[in-house]
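**Student:** here are the coordinates; sequence isn't available:
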């Protein structure tokens with residue numbers, strides 16, 4: 001009788017161990033992490049404008065340029081701009097009626113309807129370098145340049161300006177892309193698409 005009790009006890013312990021290994025070996029469902037990424041579009045455009053600078057009075061400059069911008073679905077915008085200005089001198093001689101002004105490159109950053117800009121370039125009229133900061137809104141650009149040329153009189157190193165141009169509000173792309181990542185709890189690892197406790 002005692003021998004049968006021992007066999008029964010050993011069988012019960014073995015069954016309990018097997019059921020525990022199956023019941024405790026499978027961890028909870030893997031955690032799903034979804035990461036959303038804004039979609040983006042590139043804008044390449046030429047533009048034109050009329051620019052008034054403080055020292056030039058009421059006589060505008062003609063500006064032509066090229067602008068590149070990367071615009072996301074959230075409106076974030078960055079890119080660069082290259083432009084050249086032509087000064088209208090008003091002189092009667094055709095050779096001097098229009099002169100080259102400032103050749104400018106700029107880095108731009110902001111949102112679809114307003115970008116801050118920083119840049120610089122070469123002033124052909126005054127034969128010197130300049131640097132400037134500006135802001136571009138819908139169809140208007142305003143800022144100030146610092147001129148390094150010795151041709152500027154004392155107190156004229158700063159040149160505030162305003163320009164009306166053909167640059168409007170950028171179109172935002174629609175939608176966004178998303179990626180899913182599955183992760184297992186600490187102490188478990190993947191076995192196919194299931195988390196299992198311990199190494200597989």
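**Tutor:** Sure thing, it's come through. Keep in mind that this is a model prediction, so the values were computed, not measured.
**Student:** my guess is residue 145 meets residue 163, correct?
**Tutor:** No: using Cβ atoms under 8 Å, residue 145 makes no contact with residue 163, being 11.9 Å away. Glycine gets a C-beta too; all of them are placed from N, C-alpha and C.
**Student:** So for the residue lying closest to residue 76 once chain neighbours are set aside, what's the pLDDT?
**Tutor:** Nearest residue to residue 76, sequence neighbours excluded (Cβ to Cβ, 6 or more residues apart in numbering): residue 111, at 6.5 Å. pLDDT recorded at residue 111 is 97.
**Student:** Contacts only, for residue 111.
**Tutor:** Residue 111 makes contact with 75, 76, 77 under the criterion Cβ atoms under 8 Å, 6 or more residues apart in numbering.
**Student:** what sits against residue 83?
**Tutor:** Residue 83 neighbours (Cβ under 8 Å, 6+ apart): 63, 64, 65, 66, 103, 104, 106.
**Student:** farthest pair in those?
**Tutor:** Maximum pairwise distance in the contacts of residue 83, criterion Cβ to Cβ, is 14.3 Å, between 64 and 106.
**Student:** The two: who's more crowded?
**Tutor:** Neighbours were counted for residue 64 and for residue 106 using other Cβ atoms under 10 Å; residue 106 has more, 24 against 14.
**Student:** Three-state assignment for that one, please.
**Tutor:** Following DSSP: H, G, I helix; E, B strand; the rest coil, the label given to residue 106 is strand.
**Student:** Residue 55 too?
**Tutor:** Going by three-state DSSP: residue 55 is helix.
**Student:** what number of residues lie near it?
**Tutor:** 13.
**Student:** wait, doesn't residue 188 sit right on residue 194?
**Tutor:** No: in this structure, residue 188 is not within contact of residue 194 by Cβ under 8 Å, at 9.4 Å.
**Student:** Neighbour count: these two, which is higher?
**Tutor:** residue 188 (20 against 14).
**Student:** how near is the more buried one to residue 98?
**Tutor:** Between residue 188 and residue 98 the distance is 75 Å, computed by Cβ to Cβ, to the nearest Å.
**Student:** for residue 50, same thing?
**Tutor:** In terms of Cβ to Cβ, residue 50 sits 14 Å off from residue 98.
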